[in-house]
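Trainee: I would like the atomic coordinates for the input below:
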Amino acid sequence: MRSTRNFLPLFLILFSLTSCLITNSALTVQVEIMKPGIIIIPADLNKVAVFKHDMAQTDSCFSMYSNHKVVSYSTIKYRDLSDICVDAFAKSIERDGYFQQINNYRDSLNYQWSGIASLTSTDELFNKTKSDVCIFLDYFNLDKSSIYSYQMLNTNAHLLWTIVLKGDTSSYIYHQVDTLTYEVPAFNPNSKKVIKSTLINASEYLGRSFGAKLIPSGVTVDRLYYQSYNPDMIIAERFALNGEWLKAAEIWNKETKNKNPRIAAKACYNMALACEMEGNPKVAIDWLVKSYSVLTKNNEEHKANCQRYINILAMRIIEIKKLEKQVTKQNSKSI
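Mentor: Residues are numbered from 1 along each chain as shown. Prediction:
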């Protein structure tokens, strides 16, 4: 009897601790979602002209810090790096097929059409290029570039893009900022070939990165879900990790009624993920509210997880509305 009396308080303590540790079973899964472009481009605008403005003296040589000294590289010029960036951007949107025609004019505005280089007459530019959309790389700079310990190259990228749409009196300006770090053991102040190759890769990446932001594109993101040792929950997890969200949801939906509140809360949360993957973010929020309310005590971290996901889904609802207008353009091309 004495041992039984001692065991009961211990059991209650262990049960209480277990109920507090629901978030210990939280894992992440990588899923692909569609992100909308930064602006809505009407479906009838299909011909794009790409230009590079020379607003930052892009023929200047590249320089960087090394060993507390500024080292200049005469063979590495901003003109070349910005050309590479523009080329990578043009190729990325051409490869995606979102537009019917892409013409890359590079810096031809500086000498071929000097009379309209200031863009005082965009109509004239549209007529000359036979385009519907003009996109300009106005500024390209890799600021405060440094070599650390001859192994790390770090640079702060600052780019300025301008987008002009035919029939639209507004110009859309996008400031692209990124911090790039490359680890290459062969770095040293004299390894010009390695540094040049790395900067070329960086310039190409920046061009492709803006291309992915301009138009709808698929991105991989992490999403939280809850694991459980419940046999049915294990089966549902396998379905989910295999991308079979409807099959996983059938099981999770049943487990939302489980008498064990921890399993019910996990199942409700996982149902939210399944709903998002099936394109129902509003229903997903309802499931998160239910998961939030199932556990009433000692689960602040779980509630924070629910609130965090609700915020993400609220943003997704806005993104999906924007996507619906942009995807119409993609679908219209195949009709």
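Trainee: contacts and neighbour counts: CA atoms only from here.
Mentor: Noted.
Trainee: Thought residue 85 was touching residue 104, still the case?
Mentor: No: using Cα atoms under 8 Å, residue 104 and residue 85 do not qualify as a contacting pair, with a distance of 11.5 Å.
Trainee: between these two, which one's more packed in?
Mentor: For residue 104 versus residue 85, neighbours defined as other Cα atoms under 10 Å are more numerous around residue 85 (27 against 17).
Trainee: Might one say that the more buried one is in contact with residue 211?
Mentor: No: using Cα under 8 Å, residue 85 makes no contact with residue 211, being 10.4 Å away.
Trainee: SS state for residue 45?
Mentor: coil (DSSP: H, G, I helix; E, B strand; the rest coil).
Trainee: List the buried residues for the one helix or strand residue 200 maps to?
Mentor: Assigned by DSSP states H and E, residue 200 belongs to helix 192-214. Neighbour-count burial for helix 192-214, counted by 16 or more other Cα atoms under 10 Å, picks out 195-196, 198-200, 202-214.
Trainee: Stretch 144-164 now?
Mentor: 145-148, 150, 152-155, 157-159, 161-164.
Trainee: Between all of these, which two are separated the most?
Mentor: Spatially, the most separated pair among the buried residues of stretch 144-164 is 150 and 164, at 42.6 Å (Cα to Cα).
Trainee: For the stretch 201-335 of the chain, give me the ranges with low pLDDT.
Mentor: Along the stretch 201-335 of the chain, the model assigns pLDDT under 70 to residues 298, 328-335.
Trainee: mind running it again at 50?
Mentor: 332-335 (pLDDT under 50).
Trainee: As a check, name the ranges of all strands in it.
Mentor: Taking DSSP state E, counting those that start in this stretch as the criterion, the stretch 201-335 of the chain contains strands spanning 217-226.
Trainee: now the stretch 1-150 of the chain
Mentor: For the stretch 1-150 of the chain, the strands defined by DSSP E, counting those that start in this stretch occupy 26-35, 47-52, 61-66, 69-77, 101-106, 133-148.
Trainee: Could you figure out how far the fifth one is turned away from strand 47-52?
Mentor: By that I understand strand 101-106. With axes from the mean of the first three to the mean of the last three Cα atoms, to 10 degrees applied, the angle from strand 101-106 to strand 47-52 works out at 20 degrees.
Trainee: so which of the strands of the stretch 1-150 of the chain comes closest to residue 301?
Mentor: Nearest to residue 301, of the strands of the stretch 1-150 of the chain and by Cα to Cα, is strand 26-35 at 10.7 Å.
Trainee: Tell me which strands that closest one pairs with, and in which orientation.
Mentor: strand 217-226 (antiparallel) (DSSP bridges).
Trainee: angle of the strand it pairs with against helix 192-214?
Mentor: Using the same axes, to 10 degrees: strand 217-226 against helix 192-214 is 80 degrees.
Trainee: Restricting to C-alpha, output strand 217-226 in PDB.
Mentor: Extracted in PDB, the C-alpha atoms of strand 217-226 (Å, rounded to 0.1, in the frame of the first residue of the first chain):
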ATOM      1  CA  SER A 217       6.900  31.100 -58.800                       C
ATOM      2  CA  GLY A 218       7.100  28.000 -56.600                       C
ATOM      3  CA  VAL A 219       9.200  28.200 -53.500                       C
ATOM      4  CA  THR A 220      10.000  25.700 -50.800                       C
ATOM      5  CA  VAL A 221       9.000  26.600 -47.300                       C
ATOM      6  CA  ASP A 222       9.000  24.800 -43.900                       C
ATOM      7  CA  ARG A 223       5.800  24.000 -42.200                       C
ATOM      8  CA  LEU A 224       5.300  22.700 -38.600                       C
ATOM      9  CA  TYR A 225       3.400  19.500 -37.900                       C
ATOM     10  CA  TYR A 226       2.900  17.300 -34.800                       C
END
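Trainee: How far does that strand sit from its chain's centre?
Mentor: How far strand 217-226 lies from its chain's middle: 10 Å, per Cα atoms, centre = their mean, to the nearest Å.
Trainee: Residues touching that strand, excluding its own?
Mentor: Contacts with strand 217-226, where a contact means Cα atoms under 8 Å, 6 or more residues apart in numbering, come from 23, 25-37, 266-267, 269-270, 273.
Trainee: And the nearest residue to residue 70 once chain neighbours are set aside, how close does it get to residue 305?
Mentor: Among residues not flanking residue 70 along the chain, residue 64 sits closest, at 5.5 Å (Cα to Cα, 6 or more residues apart in numbering). Applying Cα to Cα, to the nearest Å, the value for residue 64 to residue 305 is 43 Å.
Trainee: Which one of these two is surrounded by more residues?
Mentor: Per other Cα under 10 Å, whichever of residue 64 and residue 305 has more neighbours is residue 64, with 20 against 17.
Trainee: I figured residue 81 was touching residue 197, is that so?
Mentor: No: using Cα under 8 Å, residue 81 is not in contact with residue 197; the gap is 10.5 Å.
Trainee: ok so, going back, buried deepest among the strands of the stretch 1-150 of the chain, which one?
Mentor: With neighbours defined as mean count of other Cα atoms under 10 Å, those peak in mean count at strand 47-52, which reaches a mean of 23.
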